[in-house]
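S.K.: test case, fold it:
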Amino acid sequence: MKTKTYLSLLAAFAASALVAATPVIKADSVTFSQNTTTRLVTIGYTLEETDAVVTVDVLTNGVSIGAENFANIDGDVNRRVVPGDHLIVWHPRASWPDHVFTNNEVSVEVRAWDVTIPPDYMVVDLTATNAPVRYYVSTNALPAGGLTNDIYRSRKLVMRRIPASGNVWTMGSPESEKGRVATREIQHLVTMTNDYFLGVFPVTLAQHQRVIGSRPSGTTVYENEYSQLYGESYENLRGASVNWPSTGHAVGDMSHLKKWRDLTGLDLDLPTSAQWEFACRAGTSTIFFFGTETNKLANYAWCKENYNGQQRCVGVKLPNPFGLYDLYGNGWEWCLDWTGGISSDPVVEPVGPEDGSLDQNRRVGRGGNNGGGPDSCRSAKVNPQPPTGGYGYRLLCPPTLKW
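M.R.: As a prediction, the model looks like this:
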């Protein structure tokens, strides 16, 4: 009996050791002070237990002043930090000229996020190799005016965390949906197992040129450098020597995605067809994420109705409920999968067919293009394309945090 008791205690200890520590902000450690001459605000805090992504909110009379009013905050905030004492600095003059906080007028809330469930937005700096990645609770919190600033279409990459884990949803389209191609859009239940980050915008010409050093060859005409990139081949992006899904997320040594990974230190890739459609639908089940009214498509997409012969600037039209832009129209986007092989059987985290023999060795394109109408700009629409053909792309990142 004593042996059994001893073993059970060891088992209990081992089990407790496997439970991950939870990051916490030490009680009463948060400090707030303002220099009366420079107006510079300093916020101090102590993180305990384990690493975390730390964010802050500033409140007056218990109400947030709005993230856009302290988006110029800096220091050990909006990024992953280690346990210990930390400082945050904020200059209110940037948003509230000459503002002075009096006693008890202002308070701050410092939050520690588990690194497995970070804030919704991730911003990657494309101007330096392995530059720090920042995390934000909303686009309002992005420095320099948020998404309306062109730096987020050129020098930075903004990604949105897609809350997919544990979701069971219906992929494909019903038989009654206009424009449906039955063999590629058979409805079936899909179970998602992991969250992921997905680009708020498709990759732009400016971003692609910054990372790759060149633009795709061909005759594609761009409105400006902030237009959605188009005309890039799947083989150039991932490498002709790799073959999803048999080689997994490996990419070729000379591929464009290898350059993206080398620059950012992140395991960037294309989304699967299921990941793209789940993010596009954003919890909806209608033909479009905004409903069924085709006359509203031009509010969300550069399409046949408003096409001017060029690839258009991203982020101008309205986003979907997850805050993703240009999912419809403008340009087809590559996904990882081969086309074909869809059935009505339920599937968990699908990766598509093992090879391209089921549909003339073509890969999945999603979203429609700028000359397309409502039939091609649908959430379920799958467009087959040879891997040597030209499309645009939207980047995916697994939910692993970078320092």
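S.K.: so what's the residue nearest to G389 when sequence neighbours are not counted up against?
M.R.: Computed as Cβ to Cβ, 6 or more residues apart in numbering, the closest residue to G389 that is not its neighbour in sequence is S233, at 6.3 Å. Where you see a C-beta, it was placed from the backbone N, CA and C, and this is true even at glycine. Counting by Cβ atoms under 8 Å, 6 or more residues apart in numbering, S233 makes contact with 216, 387-391.
S.K.: just the ones of those in strands?
M.R.: If you go by DSSP state E, the contacts of S233 have nothing in strands.
S.K.: how close does the residue nearest to G389 get to T388?
M.R.: Counting by Cβ to Cβ, to the nearest Å, the separation of S233 from T388 is 5 Å.
S.K.: next, I65: phi, psi?
M.R.: Backbone torsions for I65, taken as degrees, to the nearest 10, come to phi -80, psi 0.
S.K.: ugh, wrong one, I meant A279
M.R.: Backbone torsions of A279, given as degrees, to the nearest 10, read phi -70, psi -40.
S.K.: just the pLDDT at it, thanks.
M.R.: Model confidence at A279, given as pLDDT, is 98.
S.K.: surely it touches G323?
M.R.: No. Using Cβ atoms under 8 Å, A279 is not in contact with G323; the gap is 10.2 Å.
S.K.: looking at these two, which is more packed in?
M.R.: Taking other Cβ atoms under 10 Å, A279 and G323 do not tie; A279 has more neighbours (24 against 15).
S.K.: report the contact partners of that one.
M.R.: Counting by Cβ under 8 Å, 6+ apart, A279 touches 162, 164, 198, 271, 322, 324, 327.
S.K.: tell me the pLDDT at P216?
M.R.: Looking at P216, its pLDDT stands at 85.
S.K.: what do you get for D98?
M.R.: D98 is assigned 62 on the pLDDT scale.
S.K.: any regions of this protein where pLDDT drops low?
M.R.: Applying pLDDT under 70 to the chain flags residues 1-19, 94-98, 102-104, 219, 400-403.
S.K.: show me it divided up by domain.
M.R.: As given by automatic domain parsing, the domain ranges for the chain are 24-113, 116-403.
S.K.: just the ones you listed: most buried one?
M.R.: domain 116-403 (a mean of 19; mean count of other Cβ atoms under 10 Å).
S.K.: just the strands in the stretch 101-250 of the chain please.
M.R.: Ranges of strands in the stretch 101-250 of the chain, per DSSP state E, counting those that start in this stretch, are 106-113, 121-125, 133-136, 156-162, 168-171, 188-191, 196-199.
S.K.: describe which strands the last one pairs with in its sheet and in which direction.
M.R.: Its sheet considered, strand 196-199 pairs with strand 156-162 (antiparallel), strand 396-397 (antiparallel) by DSSP bridges.
S.K.: generate a markdown table for those strands, with distance to V382 as supplementary columns.
M.R.: Output for the strands paired with strand 196-199, formatted as a markdown table (distance: least, Cβ to Cβ, whole Å):
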| stretch | distance to V382 |
| --- | --- |
| strand 156-162 | 19 |
| strand 396-397 | 17 |
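S.K.: if we can go back for a sec, ok, so of the contacts of A279, who is nearest T264?
M.R.: L198 (14.9 Å; Cβ to Cβ).
S.K.: verify the stated contact: that closest one with L396.
M.R.: Yes. Using Cβ under 8 Å, L198 is in contact with L396, at 5.4 Å.
S.K.: quick check: neighbours shared by these two?
M.R.: In contact with both L198 and L396: 271, 275, using Cβ under 8 Å, 6+ apart.
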